[in-house]
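Chemist: build me a model from this:
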Amino acid sequence: MDVLSEVLAVHRTGRPRSMLLGWNPPWAEQFAAPPGAMGFQAVLRDGCWLLPPAGRPVALNTGDIVFRPHGRPHALATSLDATPDPCTPAPGPAPRGSGTQLLCGAYELGTGQAHPLLRRLPECIMVTPATELRSVTALLAAELRDPGPGTGAVVPALLETMFAYLLRERLTGRHGPLVDPAVATALEALHGDPGRAWTVAQLAALAGVSRAAFARRFTARAGRPPLAYLTWWRMTLAARRLRGSADTVAAVAHAAGYANEFAFTTAFRRHHGVPPGRYRRSDAVFGDVHVGVDGHQERQVGDGEMPAQQ
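Modeler: Numbers count the residues shown, from 1 in each chain. Alright, predicted model coming up:
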């Protein structure tokens, strides 16, 4: 079971967006928080300073990427004493000949609860990317500079790939949940068969560690205890299925691992605040993922509901 692909598929909404920006020095720009999105800026040419909302400034070189996992505001500037102006990019062709060029992107997410694997990330993360991410960045920048037939399909696909690489680095980096084999094994099992009446003892045995050690490691890496994570994942999948299919509430309840509709409705209402039928009819979109990376030369700036059993 590919946990990363499932996370992206469940919480994605809308279309990713990207554009090129450029300025001649001196310049200083304040980037607002994109609502319901995580974003990045990749430095394509010339360096600048990252001025985070809290913490010390960070020097950015050509090739570096500023990743905003929570979409928080920040500023970029050519000098530390500059006063940033709000960044208001004008529509039109990509800039050419500017002293500094940035590739910007945003990945639209659903509103709601942050994914437990990713919610503890810092406000801004600076990454010097690996070869694969550099290649995607170059392809995306080239497509935006010289659009051609199919650009409308190519750009979203490249942005999907870029965010997948960033998320992969976070999940498999030195502090990521998937770097711990016991946690990775349990996550794959929970995602592969969420309807099963899992116990902590079963998951610990599958992971090959003691129950106490497994519970401690899983909670530290995944952001919540194993059975609380299972409940969260069941409710995430159920919400998606209610919106994306014509299945009855009883069928959704059974797929989520609940023996009857009443138990499922109680758990769903407790989790989402509304019963399944009302959720299906409402305009709310579930699932807010915040992601970041623990990549090459990265520098960071800067409970347990039990699932209903059958």
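Chemist: which SS class is Gln59?
Modeler: Rather than Gln, residue 59 is Ala. For Ala59, the assignment made with DSSP: H, G, I helix; E, B strand; the rest coil gives strand.
Chemist: and what of Thr137?
Modeler: Secondary structure, three-state DSSP: Thr137 is helix.
Chemist: surely it and Gln101 touch.
Modeler: No - at 11.7 Å, Thr137 and Gln101 do not qualify as touching, with contact defined as CB atoms under 8 Å. C-beta here means a position set from N, CA and C on the backbone, and glycine is covered the same way.
Chemist: list the buried residues in the helix or strand encompassing Gly152.
Modeler: Assessed by DSSP states H and E, Gly152 sits inside helix 151-172. Neighbour-count burial for helix 151-172 flags 154-155, 158-172 (criterion: 16 or more other CB atoms under 10 Å).
Chemist: let me see the mean pLDDT of the helix or strand just after that helix.
Modeler: Later in the chain than helix 151-172, the nearest helix or strand by DSSP H and E is helix 181-192. Mean per-residue pLDDT for helix 181-192: 93.
Chemist: same question, stretch 208-228
Modeler: Taken as a whole, stretch 208-228 has a mean pLDDT of 94.
Chemist: same check on stretch 246-259?
Modeler: Here the average pLDDT along stretch 246-259 is 92.
Chemist: same question for stretch 80-92.
Modeler: Mean per-residue pLDDT for stretch 80-92: 80.
Chemist: please identify the buried residues of that stretch?
Modeler: For stretch 80-92, by 16+ other CB under 10 Å, it's Ala82, Pro84, Cys87.
Chemist: same check on stretch 202-210?
Modeler: Going by neighbour count (16+ other CB under 10 Å), the buried part of stretch 202-210 is Leu203, Ala204, Ala207, Val209.
Chemist: next: stretch 193-204.
Modeler: Neighbour-count burial for stretch 193-204 flags Pro194, Trp198, Val200, Leu203, Ala204 (criterion: 16+ other CB under 10 Å).
Chemist: just the terminal-to-terminal distance for that stretch.
Modeler: 16 Å (CA to CA, to the nearest Å).
Chemist: need the residues that contact that stretch.
Modeler: Stretch 193-204 is contacted from outside by 186, 189-190, 210-211, 213-215, 218, 225-227, 230, 233-234, 237, 254-257, 309-310, using CB atoms under 8 Å, 6 or more residues apart in numbering.
Chemist: any chance you could list what contacts stretch 136-150?
Modeler: In contact with stretch 136-150 (CB under 8 Å, 6+ apart) are residues 18-20, 42, 44, 63, 65, 94, 96, 103, 105, 129, 151, 154-155, 158-159, 161-162, 165.
Chemist: got the buried residues for it?
Modeler: Buried positions in stretch 136-150, judged by neighbour count with 16+ other CB under 10 Å: Val136, Thr137, Leu139, Leu140, Ala141, Glu143, Leu144.
Chemist: and it, how far out from the chain's middle?
Modeler: Stretch 136-150 sits 23 Å away from the centroid of its parent chain (CA atoms, centre = their mean, to the nearest Å).
Chemist: ok, now stretch 149-162?
Modeler: Per CA atoms, centre = their mean, the displacement of stretch 149-162 from the mean C-alpha position of its chain is 18 Å.
Chemist: what does stretch 227-239 give?
Modeler: Centroid separation between stretch 227-239 and its chain, computed with CA atoms, centre = their mean, is 17 Å.
Chemist: which one of the buried residues of stretch 136-150 sits closest to Pro177?
Modeler: Nearest to Pro177 out of these is Val136 (CB to CB; 23.6 Å).
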